[in-house]
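**Q** Curious how this folds, go ahead:
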Amino acid sequence: MSTIFPLHLPRQAKVTGALRTRDNVRNLVQDMLQIELGNVVIDVGWYPDWNPNGEYRVTVFRDSYSDPIEPQLRTRDVTQVSDAIYRYVEKYSPRVLARGSRTTFSTTQVFSTGRRLIDADAIGSSVSEREVIA
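**A** Numbering: from 1, shown residues only. Got it, this is the predicted structure:
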């Protein structure tokens, strides 16, 4: 049995598939996980399919997989994949404001498990006020 590596992503992310550990080679496939953040896609796969000597590849793109907007990550370490996913989610997710407040949430910190507040001045950006998706 392959273990699903837990990821805590913002609700506005459209997630297809799951990040899997290397426990079961049958689940190590090229189309493992895709995360859509508006017009940015984070694609995670195992290359070559079902090969225990393969590697994870993380590709970030907008219009075409063949035109990445970040250097492709290649690793055999699922934790490095998870760390990269969180970095890209932080970078490419829009910031959102809580309704009626001047405090912002970083989307990588708006998870189903809770929220951590960050001051708008601390992140150095002006954002129009919107309801938090949580």
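**Q** Tell me how far residue 46 lies from residue 94.
**A** Counting by CB to CB, to the nearest Å, the separation of residue 46 from residue 94 is 30 Å. Every C-beta, even on glycine, is put in place using the N, C-alpha and C of the backbone.
**Q** more crowded one of the two?
**A** Using other CB atoms under 10 Å as the criterion, residue 46 and residue 94 rank with residue 46 on top: 24 against 12.
**Q** Please look at the more buried one and residue 29 and confirm they touch.
**A** Yes. When contacts are counted by CB atoms under 8 Å, residue 46 is listed as touching residue 29 (5.9 Å).
**Q** List the contacts of residue 62.
**A** Residues in contact with residue 62 (CB atoms under 8 Å, 6 or more residues apart in numbering) are 39-41, 69.
**Q** Now render these as a markdown table, adding neighbour count and distance to residue 59.
**A** Listed next are those as a markdown table, based on neighbours: other CB atoms under 10 Å; distance: CB to CB, whole Å:
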| residue | neighbour count | distance to residue 59 |
| --- | --- | --- |
| 39 | 9 | 15 |
| 40 | 17 | 11 |
| 41 | 22 | 8 |
| 69 | 14 | 9 |
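**Q** which one among the residues you listed gets closest to residue 24?
**A** Ranked by distance to residue 24 (CB to CB), the contacts of residue 62 are led by residue 41 at 25.6 Å.
**Q** Output stretch 27-43 as PDB - backbone C-alpha positions only.
**A** Extracted in PDB, the C-alpha atoms of stretch 27-43 (Å, rounded to 0.1, in the frame of the first residue of the first chain):
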ATOM      1  CA  ASN A  27       1.300   4.300  -7.400                       C
ATOM      2  CA  LEU A  28       4.500   6.000  -8.700                       C
ATOM      3  CA  VAL A  29       3.100   7.500 -12.000                       C
ATOM      4  CA  GLN A  30       3.700  10.600 -14.100                       C
ATOM      5  CA  ASP A  31       0.200  11.900 -13.400                       C
ATOM      6  CA  MET A  32       0.400  11.800  -9.600                       C
ATOM      7  CA  LEU A  33      -0.700  15.200  -8.500                       C
ATOM      8  CA  GLN A  34      -1.900  18.500 -10.100                       C
ATOM      9  CA  ILE A  35      -2.700  21.600  -8.200                       C
ATOM     10  CA  GLU A  36      -4.300  24.500 -10.100                       C
ATOM     11  CA  LEU A  37      -4.000  28.000  -8.600                       C
ATOM     12  CA  GLY A  38      -5.900  30.200 -11.000                       C
ATOM     13  CA  ASN A  39      -3.800  30.200 -14.200                       C
ATOM     14  CA  VAL A  40      -0.800  28.500 -12.600                       C
ATOM     15  CA  VAL A  41      -0.400  24.700 -12.400                       C
ATOM     16  CA  ILE A  42       1.900  22.700 -10.100                       C
ATOM     17  CA  ASP A  43       2.400  19.300 -11.600                       C
END
